[in-house]
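> Build me a model from this:
(chains A and B)
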Amino acid sequence: METMNEIKRDTLLALLNAGKRADNRGMFDYREISIQSAPLQNPDGSSLVSIGKSQVMAGVKFDIATPFADRPQEGVLSTSADLLPLASHLFETGPPSDESIELARVVDRGIRSANTIDLKSFFLTEGKVLALYIDIFVLDHDGNLIDASSLAAMSALLSCRMPKIEDGKIIRGEFSGKLPVGEKVVTCTFGKSGSKMFLDPSLDEEKGMDCRLTLATTSKHICAGQKGGWGSLSEKDLMELSDISMRKGSELRALLSD
Amino acid sequence: MGGPTENSPQLIVGGKRIDGRGMDDLRPIKIVARVLNDADGSAYIEWGKNKILAGVYGPSECIPRHDQSLYRAIVKCRYNMAPFSGAEEHGRSGPNRRSKELSKVMREAFENVIISENYPKTQIEIYVEILQSDGGTRCAALTAAAVALADAGIPMKDMLCAVAVCKIGGKMAVDPGKEEDNFGESDMPIAFSPRNGEIQLFQMDGLLTQDELQQGFALAKAASAKIRAIQVEAIRKVYEEPKNERFLLIK
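A predicted model of the protein is given here:
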């Protein structure tokens, strides 16, 4: 957890304890969310998402690859996340940080578990499959990067076109329809401070809170989860948050156009 | 730049360039300053199909401390290409030899215009992210970074701007696009400090006669005046239409 000014932390935590938030929203409200679909032309799919002042871009691109030895009939899905140094004074240049790897893996797990992408359809010939790369670029950091990134990834997938393939090669710039996308996966990330729980923590709230819980959902299932931070959760907390994440998840899915 | 090959496309047809431009025409350029919330200064540029984001931090405490100078702010610069930025295959993330070289020449250009002696023991960080590339990314990146520095309020002797010139079909032309860059006979990116007309960044490859060098320089210089006007306008807009929420909008 990042350090923060003591006075600021005490004020924020006192507010949360009283069931209030610094920006006046409810405990289980999101900040304003905006989704721009396909802002880029070079990737096969792309999107730019903001939640409050956090801004995240996702680019999706196909390549030809060799399948994994244990799954020779399946394509490859790879998700990476870059916490760009221009996004926050907290981010540094250098090899991927623990945070960026966790971010990419949580987003990846949701999409993978829900079979959003049918990897079997990426099979080309023996030893040759399509690989789909999802790259998450964090441009501006004001908290809750997981939800912004999963929205960006999902929205980029929904905008993604299938490449045209001839003689086992991708013809760049030509397409054969849209990428078939199954269940839309969205994540809801909660913070817990003392006994109070809240949705969509801002950066200041993230710095002060005890722990974090992310739940990824489809319309029917919970499909991935991740707890972070030092604090703990009870079974009751988990059940309450799963309930809210199913409800809020459907609101998020409604923002994602096909 | 690959230089001409047997399969090179015809780069000049009927006196026009591959995208219909004349020899001294720039691609459309749009700059929006102050698009990021946490960075001290930021700018987004669309230059043809190039889409580039620049962010600046500083002057701030120099980390690691052994990098610091007692006499001036040190300048750090990172040019980085998104793995999805190109029209071809998926790239690798992280620095490579090309991006390290470009970061170095950009840093040196800015070191010469930033009034760094005002801020001893600090660092000024310049980050540019190539979100979409279409030839001429270093010039567009440097042009955007200069606006981001101005937006951050960092004192500079001048606001740099950059443009490349190329030789295609035996003629000099300004602002090569991707094909012209790949198959042209020469490529020469130049950054100017427009107030005194000095060259702050210079690179060149391919073959040119001295005459062509001079012609190319004149073309670049004329184009740099147009680019500077767009930069100044972007900074003016920040103060004419102040906004609380900073927001990147890509149409």
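> And the strands in the stretch 51-200 of chain A, which stretches?
Ranges of strands in the stretch 51-200 of chain A, per DSSP state E, counting those that start in this stretch, are A:54-65, A:76-83, A:123-125, A:128-140, A:161-166, A:169-178, A:186-193, A:196-199.
> contacts for the last one?
By CB atoms under 8 Å, 6 or more residues apart in numbering or on different chains, the list of residues contacting strand A:196-199 from outside reads A:16-17, A:19, A:21, A:27-30, A:188-192, A:205, A:237, A:240-241, A:244, A:248. Where C-beta positions appear, they are placed from N, C-alpha and C, glycine not excepted.
> Partner strands of that strand and their direction?
strand A:186-193 (antiparallel) (DSSP bridges).
> The third one too?
Here strand A:123-125 is paired, per DSSP bridges, with strand A:128-140 (antiparallel).
> For the strand it pairs with, which residues meet the burial criterion?
Buried residues in strand A:128-140, counted by 16 or more other CB atoms under 10 Å in any protein chain shown: A:129, A:130, A:131, A:132, A:133, A:134, A:135, A:136, A:137, A:138, A:139, A:140.
> May I ask which two of these are separated the most?
The most widely separated members of those, counting by CB to CB, are A:129 and A:140 (35.1 Å).
> for whichever strand or helix holds residue B:181, the distance to its chain's centre please.
According to DSSP states H and E, residue B:181 maps onto helix B:178-183. Distance of helix B:178-183 from the chain centroid (CA atoms, centre = their mean, to the nearest Å) equals 17 Å.
> which bits of chain A sit near chain B?
Contact residues (CB under 8 Å from any CB of the partner chain) of chain A with chain B: A:34, A:36, A:39-43, A:46, A:48, A:50, A:53, A:55, A:57, A:59-63, A:80, A:82, A:84-89, A:93, A:95, A:131, A:133, A:135, A:137, A:139-142, A:170, A:172-173.
> tally of neighbours for residue B:29?
Close neighbours of residue B:29, defined as other CB atoms under 10 Å in any protein chain shown, add up to 20.
> just to revisit the earlier point, just put the buried residues of strand A:128-140 in JSON lines and tack on pLDDT.
Supplementary listing: the buried residues of strand A:128-140 in JSON lines, determined by pLDDT from 0 to 100:
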{"residue": "A:129", "pLDDT": "97"}
{"residue": "A:130", "pLDDT": "97"}
{"residue": "A:131", "pLDDT": "98"}
{"residue": "A:132", "pLDDT": "98"}
{"residue": "A:133", "pLDDT": "98"}
{"residue": "A:134", "pLDDT": "98"}
{"residue": "A:135", "pLDDT": "98"}
{"residue": "A:136", "pLDDT": "98"}
{"residue": "A:137", "pLDDT": "98"}
{"residue": "A:138", "pLDDT": "98"}
{"residue": "A:139", "pLDDT": "98"}
{"residue": "A:140", "pLDDT": "98"}
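> if we take those, which one ends up nearest to residue B:228?
residue A:139 (26.3 Å).
> close enough to count as contact, the closest one and residue B:36?
Yes - counting by CB atoms under 8 Å, residue A:139 touches residue B:36, with 6.6 Å between them.
> in stretch A:179-192, what counts as buried?
So, applying 16+ other CB under 10 Å, buried residues of stretch A:179-192: A:179, A:181, A:183, A:184, A:185, A:186, A:187, A:188, A:189, A:190, A:191, A:192.
> Can you measure across that stretch, start residue to end residue?
38 Å (CA to CA, to the nearest Å).
> same thing with stretch A:213-230?
End-to-end span of stretch A:213-230 (CA to CA): 11 Å.
> How much space separates the residue nearest to residue B:8 when sequence neighbours are not counted from residue A:41?
Among residues not flanking residue B:8 along the chain, residue B:183 sits closest, at 4.1 Å (CB to CB, 6 or more residues apart in numbering or on different chains). From residue B:183 across to residue A:41, the span is 21 Å (CB to CB, to the nearest Å).
> Between these two, tell me which one has more neighbours.
Neighbour totals were compared for residue B:183 and residue A:41, and residue B:183 leads with 21 against 13 (other CB under 10 Å).
> Tell me the pLDDT of that one.
Listed pLDDT for residue B:183 reads 93.
> Does it touch residue B:12 like I think?
No - in terms of CB under 8 Å, residue B:183 does not count as a neighbour of residue B:12; the distance is 11.4 Å.
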